[in-house]
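K.L.:
give me a 3D structure for the following:
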Amino acid sequence: MQTDQLISTFVEYYEERGHRRITGSTLLPPPGDSVLFTTSGMHPLTPYLEGRPHPLGKRLVNVQRCLRTTDLDEVGDATHLTVFEMLGTWSLGDYEGPRSLDWGYGLLTEGLGIDPGLLHSTAFAGDDRTGPDTASVELWQGLGVPVELTVEDNWWSNGPVGPCGPDSEFFLWSGDGPPQSTPTRDDRWVEVWNHVTMTHRRLDDGTLVPLSQRNVDTGLGLERLASLLQGKPSVFECDVFAPWRRLVPALWSLDEPSLRLVSDHLRSVVVLLGDGVRPANTGQGYVLRRLLRRVLTVLRKGEAPSRGIDDLPEELVRHTLDHFRQDMRTGDVLRMLREEEHRFGQLLERGRGVLAKPRFRGPLTEEDFHYLHDTHGLPRELITSLRQE
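P.N.:
Predicted structure coming up:
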């Protein structure tokens, strides 16, 4: 099943169950928001999860593009991306967690054809403040799906204060042969769908008070599920990355981890540009610049590459802009990439001069790394690369 078909199947399934589709926002949160980027499908819905009536009602479904920088060091493994899409559903004070899980089970098994024997679940075991999530456990037992109880892994919170509550998760077996063990003991169980029941609010002093409006918030990673349904070993081999895997190796000779990082970061940079972010030394623009410079640092390992970023085929840029429904000219994207590559070249020359000073010829301390970054704009990975020349 291709990702476009997966999206339409997901949305139509929930529309048949009374959910109204809402338009996903860009990667940029509303003015005044404390975070740099939209990190989950629920983020733009926070006011409605806190009680404001939504104009489309109490049952919602959407597709939301997200960006997370907390997982940058994990990008390149089988499941993590910088920019990804989240399929989400919400109950704003309407139905509770067991109904959400029952519908989710129906979508995965009947709508998407997943063998029920390849599913595992987790649920909240309870702690000294709140009891176990017995309603979810009973639902799983009734469906015949094995359930593992945990504490920390199955309690969701939106930061140190605010709404929180137990969550129950779907896991899909990705290994060869019959399923074994449990999700916390075997990483071949891949988390695909999280269902959160917001039951409490955590106050500044850490105490929990019950919410007057109990919500359900679910999130399913599109690329992660697509790769599993397509029988691929990683998100980088599902259909949305097919053109990247076909065209990028013709430009640069890369090992598999480097190919994944370059494809992910360049794709993310295109999406950021399409959403209106421009390179800068702070804030959102710095994230864009950092992603691109990580790519350039990887590309220049060993011999200098004969092809530059501006050689990126227009087909890749257009494919990404069209997939994320962004209205931007490919020529403008390539022009900005070319300008950033030129700035990076200037940074390299400056960095070589700084690192040639006697102070930096020996082992570097953390203080040295901070000084080189804050004073000369040299990130750690670039410093390491330059010292290996």
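K.L.:
doesn't Gly219 belong to a helix?
P.N.:
No: assessed with DSSP: H, G, I helix; E, B strand; the rest coil, Gly219 is strand; it does not lie in a helix.
K.L.:
that one contacts Met42, doesn't it?
P.N.:
Yes: contact criterion C-beta atoms under 8 Å: Gly219 and Met42 qualify, at 7.1 Å. Where C-beta positions appear, they are placed from N, C-alpha and C, glycine not excepted.
K.L.:
so between those two, which is more surrounded?
P.N.:
A side-by-side neighbour count of Gly219 and Met42, using other C-beta atoms under 10 Å, places Met42 first with 23 against 20.
K.L.:
residues contacting the more buried one?
P.N.:
Each residue near Met42 by C-beta atoms under 8 Å, 6 or more residues apart in numbering is listed here: Leu49, Gly88, Trp90, Asn158, Asp217, Gly219.
K.L.:
quick check: Met42 vs Leu101, distance?
P.N.:
Met42 is 17 Å from Leu101, where distance means C-beta to C-beta, to the nearest Å.
K.L.:
again with Glu366
P.N.:
On the measure of C-beta to C-beta, Glu366 and Leu101 end up 46 Å apart.
K.L.:
what about those two, which has more around it?
P.N.:
Neighbour count, other C-beta under 10 Å: between Glu366 and Leu101, Leu101 has more, with 26 against 8.
K.L.:
in three-state terms, label the more buried one for me.
P.N.:
Relying on three-state DSSP, one would call Leu101 helix.
K.L.:
and for His120?
P.N.:
strand.
K.L.:
element containing the residue lying closest to it once chain neighbours are set aside?
P.N.:
Of all residues not flanking His120 in the chain, Phe171 sits nearest, at 4.4 Å (C-beta to C-beta, 6 or more residues apart in numbering). Taking DSSP states H and E as the definition, Phe171 sits inside strand 162-173.
K.L.:
each with direction, which strands does that strand pair with?
P.N.:
Counting by DSSP bridges, the strands paired with strand 162-173 are strand 119-124 (antiparallel), strand 155-157 (antiparallel), strand 189-202 (antiparallel).
K.L.:
how about the contacts made by Thr320?
P.N.:
Counting by C-beta under 8 Å, 6+ apart, Thr320 touches Arg267, Val270, Val271, Gly274.
K.L.:
among these, who's most crowded?
P.N.:
The member of these that has the most neighbours, counting by other C-beta under 10 Å, is Val270 with 27 neighbours.
K.L.:
what about the closest residue in space to that residue that isn't next to it in sequence, distance to Val11?
P.N.:
Closest residue in space to Val270, ignoring its immediate chain neighbours: Thr320 at 4.5 Å, by C-beta to C-beta, 6+ apart. Counting by C-beta to C-beta, the gap from Thr320 to Val11 is 21 Å.
K.L.:
coming back round to it: residues touching the residue nearest to His120, list them.
P.N.:
By C-beta under 8 Å, 6+ apart, Phe171 lies in contact with Leu119, His120, Ser121, Thr122, Pro183, Trp189, Val190, Glu191, Val192.
K.L.:
point out where this structure drops to low pLDDT.
P.N.:
For the chain, applying pLDDT under 70 flags the ranges 302-305.
K.L.:
for it, which segments count as helices?
P.N.:
In the chain, the segments counted as helices under DSSP state H are 3-15, 46-49, 97-106, 134-143, 222-229, 242-247, 256-274, 283-299, 314-323, 330-355, 366-376, 380-387.
K.L.:
returning to what we had before: closest one to Glu74 among the strands paired with strand 162-173?
P.N.:
Relative to Glu74, the nearest member of the strands paired with strand 162-173 by C-beta to C-beta is strand 189-202, separated by 13.6 Å.
K.L.:
now the spatially most central residue of the chain, which residues is it bridged with?
P.N.:
The residue lying closest to the centre of the chain (C-alpha atoms, centre = their mean) is Phe84, at 4.8 Å. Using DSSP bridges, the bridge partners assigned to Phe84 are Cys66.
K.L.:
I figured it was touching Leu220, is that so?
P.N.:
No: contact criterion C-beta under 8 Å: Phe84 and Leu220 do not qualify, at 10.9 Å.
K.L.:
give me the common contacts of Gly219 and Met42.
P.N.:
Contact criterion C-beta under 8 Å, 6+ apart; residues shared by Gly219 and Met42: Gly88.
K.L.:
on that earlier part again, comparing the strands paired with strand 162-173, which comes out most buried?
P.N.:
Stretch with highest mean neighbour count among the strands paired with strand 162-173: strand 119-124 (a mean of 25; mean count of other C-beta atoms under 10 Å).
K.L.:
what angle do that one and helix 97-106 make?
P.N.:
If you take axes from the mean of the first three to the mean of the last three C-alpha atoms, to 10 degrees, strand 119-124 sits at 160 degrees to helix 97-106.
K.L.:
relative to Glu256, how far out is Leu312?
P.N.:
From Leu312 over to Glu256 the distance is 20 Å, taken as C-beta to C-beta.
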